[in-house]
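A structural model of the following input is requested.
(one chain, ligands or ions: 3)
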Amino acid sequence: MPSLGRLHLITDTRPGRDPLAVLRAALPVARTELVVQVRVLDDATDREAYDLACRIVAMCATYGATCLVNDRLHVALAAGAGGGHVGAGDLPVDAARRVLGPTAVLGATSREPVTAAAAVAAGATYLGVGPYRSTTTKDGLPPAIGVAGVRAVAEAVPVPVIAIGGVTVADVAALRAAGAYGVAVVGALSGAADPARATAELLGALTC
Ligand SMILES: Cc1ncc(COP(=O)(O)OP(=O)(O)O)c(N)n1
Ligand SMILES: Cc1ncsc1CCOP(=O)(O)O
Ligand SMILES: [Mg+2]
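Ligands and ions are numbered 1, 2, ... in the order given. Below you'll find the model as predicted:
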């Protein structure tokens with residue numbers, strides 16, 4: 001299984017956003033430390049998801065970065081991605097593992113230690129833990145878990161914990177101190193005036 005990058009960039013495919021431009025800026029900076037998660041809107045077709053995933057798989061390959069696909073594991077397989085990410089409304093983790101096979105990267109969403117440990121037992125190789133803070137990027141999220149919530153999960157599992165939800169560069173030191181291995185972001189890169197610089201700042205905080 002490949003080692004996991006610490007900076008997870010989740011594609012922002014909302015109207016007016018340009019996920020490929022953000023990726024073109026981030027990839028040369030973060031290279032193997034970048035994990036790109038292809039996340040499309042619910043109303044996107046599988047064809048649209050597949051086309052985007054294929055482009056991102058190819059871009060990642062140039063830099064040794066890992067591409068994962070959110071939710072749609074058949075798209076991950078078809079596009080040759082390194083794995084996928086599932087949450088409560090998606091395939092259960094054990095089923096996702098069967099779909100992806102034994103060597104794929106498989107992320108699972110978790111917000112507390114008991115389900116986190118169960119996800120690892122079912123085959124998750126990392127956990128997306130949050131929301132750390134409230135965020136406007138996704139509707140309908142449960143309350144933020146903060147640093148204490150991230151720490152509780154990190155202490156309970158032997159796999160990398162990736163904190164998600166409203167994460168900015170200013171949060172990274174505290175999250176790392178709480179046991180997070182890395183962070184997943186949408187807005188911190190997609191909304192940045194200079195995504196290359198924002199990538200360098202996040203990476204610096206993650207790897208110091
Ligand atoms: C790294 C990471 N962590 C959590 C999530 C959220 O996944 P999920 O709960 O399935 O919600 P959607 O992203 O599918 O709306 C994630 N995608 N990545
Ligand atoms: C998909 C998802 N799941 C929990 S928070 C979130 C969105 C994170 O986006 P941002 O980094 O802009 O808060
Ligand atoms: Mg999901």
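
going forward, measure contacts and count neighbours with C-alpha atoms only.
Fine.

And the helices in the protein, which stretches?
Applying DSSP state H to the chain gives helices spanning 19-30, 46-63, 73-79, 93-100, 113-121, 146-156, 172-177, 187-190, 195-207.

my read: residue 88 touches residue 109, true?
Yes: using C-alpha atoms under 8 Å, residue 88 is in contact with residue 109, at 7.2 Å.

related to what we said a few turns ago, turn the helices of the chain into JSON lines, columns for mean pLDDT, mean neighbour count and distance to ligand 2.
Formatted as JSON lines, the helices of the chain follow (pLDDT from 0 to 100; neighbours: other C-alpha atoms under 10 Å; distance: least, C-alpha to the nearest ligand atom, whole Å):
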{"stretch": "helix 19-30", "mean pLDDT": "98", "mean neighbour count": "19", "distance to ligand 2": "13"}
{"stretch": "helix 46-63", "mean pLDDT": "98", "mean neighbour count": "17", "distance to ligand 2": "16"}
{"stretch": "helix 73-79", "mean pLDDT": "98", "mean neighbour count": "20", "distance to ligand 2": "16"}
{"stretch": "helix 93-100", "mean pLDDT": "98", "mean neighbour count": "18", "distance to ligand 2": "17"}
{"stretch": "helix 113-121", "mean pLDDT": "98", "mean neighbour count": "18", "distance to ligand 2": "15"}
{"stretch": "helix 146-156", "mean pLDDT": "98", "mean neighbour count": "19", "distance to ligand 2": "12"}
{"stretch": "helix 172-177", "mean pLDDT": "98", "mean neighbour count": "17", "distance to ligand 2": "12"}
{"stretch": "helix 187-190", "mean pLDDT": "98", "mean neighbour count": "21", "distance to ligand 2": "4"}
{"stretch": "helix 195-207", "mean pLDDT": "98", "mean neighbour count": "19", "distance to ligand 2": "12"}
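
now those in TSV, with distance to residue 133?
Below are these laid out as TSV (distance: least, C-alpha to C-alpha, whole Å):
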stretch	distance to residue 133
helix 19-30	23
helix 46-63	28
helix 73-79	27
helix 93-100	25
helix 113-121	18
helix 146-156	6
helix 172-177	12
helix 187-190	13
helix 195-207	17
